[in-house]
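# need a structure here:
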Amino acid sequence: MRIKAPKDFWAGLMFIVFGLGFAIGAQNYQLGTAVRMGPAYFPTMLGGLLVVLGLVIFLRSFVIEGAKVPPFFFKPVILIVIGTVLFGALLKPLGVVIATGALTVVGALGGVDFRWKEVAILFVVLAVFAVWVFVKGLGLPIPVWPGE
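Below you'll find the predicted structure:
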């Protein structure tokens, strides 16, 4: 049997694995019934639906011609993960504004085009939004600047 749509093959396989992971992981909790749902009901049903969807996509990859899998670039993924970890590490000691700046700059380095003007505008918008929503709106105890 030949895979005619590699992109669908890998997408279907991913859905099956995630669906099984949710369904199996939820079995440590009580399932309940449709009328009286337990904590495992939603993840089990969602996992089952993901498995069914994954099987359809997976099996379709052997029948219908489809797109090839594009090359995977590790640099953007690694830089975005580093930016996120850096944000978490800098949030408490340096505040949300500087942590957002670090996240924005490191994340933007993972893109194709890095322009300081665009990154600076994005940083200002994200920092204002983060302070407005999380610190002022929700009242989370996050420092805005270092030493607060």
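# May I have stretch 123-136 as CSV, with CA atoms only?
The C-alpha coordinates for stretch 123-136 follow below in CSV (Å, rounded to 0.1, in the frame of the first residue of the first chain):
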residue,chain,number,x,y,z
PHE,A,123,6.2,45.0,21.8
VAL,A,124,4.4,48.3,22.8
VAL,A,125,1.0,46.9,21.8
LEU,A,126,1.6,43.6,23.6
ALA,A,127,3.0,45.2,26.7
VAL,A,128,0.1,47.7,27.0
PHE,A,129,-2.4,44.9,26.4
ALA,A,130,-0.7,42.6,29.0
VAL,A,131,-0.6,45.3,31.7
TRP,A,132,-4.2,46.5,30.9
VAL,A,133,-5.8,43.0,30.9
PHE,A,134,-3.7,41.0,33.4
VAL,A,135,-2.5,43.6,35.9
LYS,A,136,-5.3,46.2,35.8
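# what residues does that stretch touch?
The contact list for stretch 123-136 (CB atoms under 8 Å, 6 or more residues apart in numbering) reads 96-97, 100-101, 103-105, 140, 142, 144. Yep, even glycine has a C-beta here, placed from its N, CA and C like the rest.
# give me that answer again for 7 Å
With contact meaning CB atoms under 7 Å, 6 or more residues apart in numbering, stretch 123-136 is reached by 96-97, 100-101, 104, 140, 142, 144.
# could those be laid out in JSON lines, adding secondary structure, neighbour count and distance to residue 64?
Below are the contacts of stretch 123-136 laid out as JSON lines (DSSP: H, G, I helix; E, B strand; the rest coil; neighbours: other CB atoms under 10 Å; distance: CB to CB, whole Å):
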{"residue": "96", "secondary structure": "helix", "neighbour count": "23", "distance to residue 64": "48"}
{"residue": "97", "secondary structure": "helix", "neighbour count": "19", "distance to residue 64": "50"}
{"residue": "100", "secondary structure": "helix", "neighbour count": "23", "distance to residue 64": "44"}
{"residue": "101", "secondary structure": "helix", "neighbour count": "20", "distance to residue 64": "47"}
{"residue": "104", "secondary structure": "helix", "neighbour count": "21", "distance to residue 64": "41"}
{"residue": "140", "secondary structure": "coil", "neighbour count": "10", "distance to residue 64": "48"}
{"residue": "142", "secondary structure": "coil", "neighbour count": "16", "distance to residue 64": "49"}
{"residue": "144", "secondary structure": "coil", "neighbour count": "15", "distance to residue 64": "53"}
